[in-house]
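> here is a sequence with its predicted model. Questions after.
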Amino acid sequence: MNIAFDKLDKAFENRVRLQIMSVLAANERYDFNSLKDLLSITDGNLASHLKSLEKEEYIIVHKSFLGRKPNTNYEATEKGKKAFKDHLDALEQLIRQQKHA
Amino acid sequence: MEEKELQNELASIRSIMERSSKFISLSGLSGILAGVYALIGAGIAYSMLYSGTNRVYLKLDMGSGQGTLYELIATASVVLVLSLITAYLLASRQARRKNQPMWGAVSMQLMFHMAVPLIAGGILIFILLLHHHYGIVSASSLIFYGLALVSASNFTFADVKYLGLCEIALGLVAACLPGYGLLFWALGFGVLHIIYGARIYLKYDK
């Protein structure tokens, strides 16, 4: 009955990480500061969650310079997009199960 | 996880995807006001062109009546600037209310995709004016404005795309009927803006 629970991705247990993936699923690339404004969280908090998603190989980092200011952009990998989609499917399935229960 | 919690999770994902990729802080009220400014501007232009016995419109083609031409351009510019200021002020108020950054990645994209057709169209209209092709200025402004809206519509409400398509269609009809430029201009920038603004206001401003 509860097969769907196993399909939920551990990496997305955290709210912020799931939100980051949502943004990167809807947009080709997103930069650090816009992400920070959108989620209204601190630099350190965002950086640590980005790091862990990067370690999972769900996102890749593009570093460049805008004039003299460093500009860091993030992009979801194929692996990351698939993991996000599977996670959403699992959430959906859970809801359906509970409706029928 | 409870069902309620799951539903909230999905709702928050949906909201963040929307807020990150679409500028949802456009205000319907600014559309209505832009339409009103345009109608007032068109009224002023009408009284400049068609008052009295001599029709300045005909004289424009003969190279005289330059003064009226400058006054018309000035009127149109005032309408444009007032509309932009209104749109900016109301959008930043709306952005605060909807918790979306006014100058984020999305609004930048929106501005860029809007600016490309607008600047191209603006330069073309300037060239048309230099060459005294007054008859199709109104049509070109409608068509390029429509193209700008369609190109920007990926980054905001889908309604903007339909407004853009209507402006393009109206512009093409206007191009077939030179001489009725002011009428089409008033319809496109006045009436259509008011209809669109009211729609957005009722749908999203609440």
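Ah, there it is. Residues are numbered from 1 along each chain as shown, chains lettered A, B, ... in the order given.

> show me which residues of chain A are close to chain B?
Contacts of chain A with chain B, taken as CB under 8 Å from any CB of the partner chain, map to A:15, A:18-19, A:22-23, A:25-27, A:30-31, A:34, A:37-40, A:88, A:91-92, A:94-95, A:98-99. Just so you know, the C-beta spots here come from the backbone N, C-alpha and C atoms, and that holds for glycine as well.

> what do you get if the cut-off is 7 Å, keeping everything else the same?
Within chain A, the positions near chain B by CB under 7 Å from any CB of the partner chain are A:18-19, A:22-23, A:25-27, A:30-31, A:34, A:37-38, A:91, A:94-95, A:98.

> widest-spaced pair of these?
Pairwise distances across the residues of chain A next to chain B (CB to CB) peak at 38.0 Å, for the pair A:Asp31 and A:Gln98.

> by contact count, what packs against the longest helix along chain A?
Counting residues, the longest helix found in chain A (DSSP state H) is helix A:78-100. With contacts taken as 3 or more CB pairs under 7 Å, 6 or more residues apart in numbering or on different chains; DSSP states H and E, helix A:78-100 sits against helix A:3-7, helix A:15-26, helix B:3-21.

> buried ones in stretch A:50-63?
A:Leu50, A:Leu53, A:Glu56, A:Tyr58, A:Ile59 (16 or more other CB atoms under 10 Å in any protein chain shown).

> what residues does it touch?
Stretch A:50-63 is contacted from outside by A:11, A:17, A:20-21, A:24, A:70, A:72-77, A:79-80, A:83, using CB atoms under 7 Å, 6 or more residues apart in numbering or on different chains.

> PyMOL command to pick out the buried ones of those residues?
Buried residues within the contacts of stretch A:50-63, by 16+ other CB under 10 Å, are selected in PyMOL with:
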select buried, chain A and resi 11+17+20+21+24+73+74+76+77+80+83
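
> what's the burial count for residue 37?
Because you didn't say which chain, this covers chain A. 16 (other CB atoms under 10 Å in any protein chain shown).

> not what I meant, chain B
When neighbours are counted by other CB under 10 Å, B:Tyr37 registers 20.

> got a pLDDT number for residue 61?
As the question left the chain open, I've gone with chain A. Per-residue confidence (pLDDT) for A:Val61: 95.

> that was the other one, I meant chain B.
On pLDDT, B:Asp61 comes in at 50.

> which helix or strand lies directly C-terminal to the helix or strand where B:Leu80 lies?
Assigning secondary structure by DSSP states H and E places B:Leu80 in helix B:66-98. Note on helix B:66-98: by DSSP H and E, the next helix or strand toward the C-terminus is helix B:105-130.
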